[in-house]
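In: structural data only, the sequence is not supplied:
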């Protein structure tokens, strides 16, 4: 498998997709990668172009265990607030399967830098190389602050924002953004139904209402922030 350094958005996207498959993030549905079959669906659904996802390749329990371990490692890396340590971690991910860089022409005849993975690389190592390449591209081209926690008060997801404007707020916009809109709608209804018809909804009320839009998960600090190592 050849990974173009210039296409960092793909690897960053895989990082976002993988880290948000855990039960920590998917509170209402639970763990997404429950068995090798589910892992295969994940690769197919998100169109992750790894050799192990080729037709006829059967994923194993060992593949699943290694990918889950990679996910845990990735979560810790994304939560790290030290830019140099993130770069070190991303480089280490690339080295797990990378055979070195090469300068080759792409389909349009332009020169591109590529990282190639070894023929015996595991699925987890292929994913690691792809994710590592993506994170390095983000650090080099964009900024470390593009690695973020989801803005939803009831979500513990993370994401890598590769958008041009850099204004993404949610790990899964269609889901987390909708949760927040539902919470705000309920808060407005609570305020409208107050005894005097004009009472403001307190911050505690808003948090309580937001929590009803998803299955309860890990609590945050009293000020709403998360701990980052």
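Out: Yep, it's here. Worth saying up front: this structure is predicted, and the values here are computed from it rather than measured.
In: please name the nearest non-neighbouring residue to residue 112.
Out: Take residue 112 and drop its neighbours on the chain: the residue closest to it by CB to CB, 6 or more residues apart in numbering is residue 106, 4.7 Å away. (Glycine included, C-beta is placed from N, CA and C.)
In: try residue 128
Out: Nearest one to residue 128, counting by CB to CB, 6+ apart, is residue 93 at 4.2 Å.
In: likewise residue 38?
Out: Computed as CB to CB, 6+ apart, the closest residue to residue 38 that is not its neighbour in sequence is residue 32, at 6.5 Å.
In: what of residue 136?
Out: residue 90 (4.9 Å).
In: just give me the neighbour total for that neighbour.
Out: By the criterion of other CB atoms under 10 Å, residue 90 has 24 neighbours.
In: I'd like the distance from the helix or strand it falls within to the chain centre, please.
Out: Take DSSP states H and E as the rule and residue 90 turns out to sit in helix 83-95. Helix 83-95 has its C-alpha centroid displaced from the chain centroid by 16 Å (CA atoms, centre = their mean, to the nearest Å).
In: next: stretch 56-74.
Out: Distance of stretch 56-74 from its chain centroid, counting by CA atoms, centre = their mean, is 16 Å.
In: one more: stretch 23-33?
Out: The answer for stretch 23-33 is 13 Å, by CA atoms, centre = their mean.
In: now do stretch 132-140
Out: 14 Å.
In: go on, stretch 12-27?
Out: Centre to centre, stretch against its chain (CA atoms, centre = their mean), the figure for stretch 12-27 is 4 Å.
In: okay, buried residues for it please.
Out: By neighbour count with 16 or more other CB atoms under 10 Å, stretch 12-27 contains the buried residues 12-22, 25-26.
In: redo the residues you listed as CSV? Include pLDDT, distance to residue 138 and secondary structure.
Out: As requested, the buried residues of stretch 12-27 are exported to CSV (pLDDT from 0 to 100; distance: CB to CB, whole Å; DSSP: H, G, I helix; E, B strand; the rest coil):
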residue, pLDDT, distance to residue 138, secondary structure
12, 96, 5, helix
13, 96, 11, helix
14, 96, 12, helix
15, 97, 9, helix
16, 97, 11, helix
17, 96, 15, helix
18, 97, 15, helix
19, 97, 14, helix
20, 96, 17, coil
21, 96, 20, coil
22, 96, 21, coil
25, 91, 20, coil
26, 88, 24, coil
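In: any chance of the residues you listed in a markdown table, plus distance to residue 170?
Out: A markdown table is the format used below for the buried residues of stretch 12-27 (distance: CB to CB, whole Å):
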| residue | distance to residue 170 |
| --- | --- |
| 12 | 15 |
| 13 | 14 |
| 14 | 18 |
| 15 | 16 |
| 16 | 11 |
| 17 | 14 |
| 18 | 17 |
| 19 | 14 |
| 20 | 10 |
| 21 | 16 |
| 22 | 16 |
| 25 | 11 |
| 26 | 14 |
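In: just checking, the residue nearest to residue 38 touches residue 21?
Out: Yes. With contact defined as CB atoms under 8 Å, residue 32 reaches residue 21; the gap is 3.9 Å.
In: where do the contact lists of the two overlap?
Out: Taking CB atoms under 8 Å, 6 or more residues apart in numbering as the contact criterion, the residues that touch both residue 32 and residue 21 are residue 42.
In: ok so, going back, which residues are contacting the helix holding residue 90?
Out: 73, 77-78, 80, 115, 128-129, 131-133, 135-136, 139, 144, 147.
In: which secondary element of this structure has the worst mean pLDDT?
Out: helix 203-211 (a mean of 50; mean pLDDT, DSSP states H and E).
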